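[1] Need coordinates for the below:
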Amino acid sequence: MEKAQLTKAIEAILVDKGKRKFAQSVDLAVNLRDVDFKKPENRVNVDVVLPYAPREARVAVFADGQLAVDAKKVVDLVIGGDEINIYATDRKKQKELVKYTLLATPQLMTTIGKVLGQLLGAKGKLPKPIPPNANLKELALRTSRTINVKTKGKYLPVLHCIVGKETMVPLEIAENIYAVLEALKKKLSDTQIDALYIKLTMGRPVRIKYGS
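    Alright, predicted model coming up:
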């Protein structure tokens, strides 16, 4: 699949976006074939770091001490260990928390799992541990550009993910799609990727031929 062909298809759906009161997402669907999802080893669940953030992503960090102090300079929300239990009973705080992408120090991961594991797990929002000596600014930026692509439901042969916003440059969206495909090809073969569809939130899917 040539980048020019993909970019042209993206330009076409953006021209036909209509007038909305919000900025629509650009979504990608990847149709698969000859993949037996009944076998656990064939199921897809990959994190993809996109070249360009597909949406405004707020990052929250669970941390104490100096790391918490440093985190306040580079992320949107810092939650101390003594605040975790408050989230267990405060529905309003829980509703806000799941809007963030979460990171946490390894020391707090067990507590978070016990107190908030059920809530965050159900929303696919369990925090990623912060590696030792990590550059927090770079990690937060990388986290804001990360999406998860996985099989859902009854393991139907299709994957869905966000790859951009209608306000982005078509070439940036194309680069994001290429990043998703490169990540998938580490799990799947070229012959197992059947076709691609791109669409705006309120638009119709447009098929993109995959392969030669």
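
[2] Now do the strands in the chain.
    For the chain, the strands defined by DSSP state E cover 25-32, 45-49, 59-62, 77-79, 101-104, 128-129, 146-150, 158-165, 193-200, 206-209.

[3] Turn those strands into TSV, columns for mean neighbour count.
    Heads up, the C-betas are built off the backbone N, CA and C, glycines and all. Shown next, in TSV, are the strands of the chain (neighbours: other CB atoms under 10 Å):
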stretch	mean neighbour count
strand 25-32	20
strand 45-49	14
strand 59-62	25
strand 77-79	20
strand 101-104	21
strand 128-129	14
strand 146-150	16
strand 158-165	20
strand 193-200	19
strand 206-209	14
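
[4] would you list those strands in CSV and tack on distance to V15?
    Compiled in CSV, these are given as follows (distance: least, CB to CB, whole Å):
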stretch, distance to V15
strand 25-32, 13
strand 45-49, 27
strand 59-62, 33
strand 77-79, 38
strand 101-104, 31
strand 128-129, 37
strand 146-150, 25
strand 158-165, 15
strand 193-200, 11
strand 206-209, 12
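
[5] looking at the ones you listed, which has the lowest confidence?
    Among these, strand 206-209 has the lowest mean pLDDT, at a mean of 84.

[6] Quick one: distance of it to the chain centre.
    Its chain's average C-alpha position is 22 Å from that of strand 206-209, according to CA atoms, centre = their mean, to the nearest Å.

[7] Counting by contacts, list what it packs against.
    Packing contacts for strand 206-209, counted by 3 or more CB pairs under 8 Å, 6 or more residues apart in numbering; DSSP states H and E, involve helix 3-15, strand 193-200.

[8] In the sheet, which strands lie alongside that strand, parallel or antiparallel?
    In the sheet, strand 206-209 lines up against strand 193-200 (antiparallel) (DSSP bridges).
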